[in-house]
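**Q** Whatever this is, show me its structure:
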Amino acid sequence: MINKFLLVIIISSLLTHCGFTPIYTGNSKQVIISKSEIIGDKDLAFNLEQKLNFKKDEKSLNAYVFKAQIYDTAESSLVDSRGISTEEIIKLTVSYQFQDKNGVVIYQDAITKDKRVSVTDNLSNNILVKNNEKRLLLDSIIQNILFKSRVSLN
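**A** Have a look, this model is predicted:
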C-alpha cells in the first residue's frame, strides 16, 4: 500500500514537472494589414473580411496588404433516371496572399472546401441551402486562414 502511494506521488511529480507546454498558445502577435482587396461574391467577400477581423493600420511599417479571391462552383454529382440532378457538390475556394508595402508576396495559399447537398424541386429552398452551406464552408476556410497567417507571418 505504501509502495503504491509512493509510486503514484513520484509519477505525478515527474509528469507535472516534465516541461510540457502546448504549441501555439500564448501571446501570438496579431496580423496587421494596411488594406484588403477581396474579389468574388459580394456576400462571401463581406463575410470573409468581417470574420477575419485583422487589425487595420495604414501607418504601420509592419502592415501587410491582404488580397483574396473567392471562387464558388456547384456541379451535379448524382443524377436520377430522368437526367435530373438530385445531388450537387458545392466547392468554395479562397485564394489569398499577404504582401508587404513594396508589393512583395510574403505568404500565399489557396484553400478549397466542398460539401454534397441534396437538390429538390423547390428552387428557393435549394438556393437557401446552398447559401447556408457556402457560409459554413467559408467559416471553416476562415479558421484555416487565421491559423496559417498567425503561424506564417509571426
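
**Q** mind listing what's buried in the helix or strand harbouring F98?
**A** Using DSSP states H and E, F98 maps to strand 85-99. By neighbour count with 16 or more other Cβ atoms under 10 Å, strand 85-99 contains the buried residues 88, 90-99. Just so you know, the C-beta spots here come from the backbone N, C-alpha and C atoms, and that holds for glycine as well.

**Q** do the same with stretch 103-117
**A** The neighbour-count check on stretch 103-117 (16+ other Cβ under 10 Å) flags 111, 113-114, 117 as buried.

**Q** Just the closest of the buried residues of strand 85-99 to K130, please.
**A** Using Cβ to Cβ, I90 comes nearest to K130 of the buried residues of strand 85-99, at 5.9 Å.

**Q** so that closest one makes contact with A74?
**A** Yes. Counting by Cβ atoms under 8 Å, A74 is a contact partner of I90 at 5.2 Å.

**Q** which residues are in contact with both of these two?
**A** Listed as contacting both I90 and A74 by Cβ atoms under 8 Å, 6 or more residues apart in numbering are K130.

**Q** now the angle from the lengthiest helix in the chain to strand 85-99?
**A** Longest helix in the chain by number of residues (criterion: DSSP state H): helix 123-153. Interaxial angle of helix 123-153 relative to strand 85-99 (axes from the mean of the first three to the mean of the last three Cα atoms, to 10 degrees): 30 degrees.

**Q** low pLDDT regions in the chain?
**A** Filtered on pLDDT under 70, the chain yields the residue ranges 14-29, 154.

**Q** count of neighbours near D100?
**A** 14 (other Cβ atoms under 10 Å).

**Q** and if you look at I127?
**A** A count of nearby residues for I127, using other Cβ under 10 Å, gives 10.

**Q** Next up, the contacts around it.
**A** If you count contacts by Cβ under 8 Å, 6+ apart, I127 has none.

**Q** begin at 98 from here
**A** Yes, from this point I'll number from 98; that puts the last item at I224.

**Q** Distance check, it against V214.
**A** 11 Å (Cβ to Cβ, to the nearest Å).

**Q** just to revisit the earlier point, which ones among the buried residues of stretch 200-214 lie within strands?
**A** Secondary structure defined by DSSP state E assigns 208, 210-211, 214 of the buried residues of stretch 200-214 to strands.

**Q** Out of those residues, which comes closest to Q127?
**A** For these, the nearest to Q127 is I208 (20.6 Å; Cβ to Cβ).
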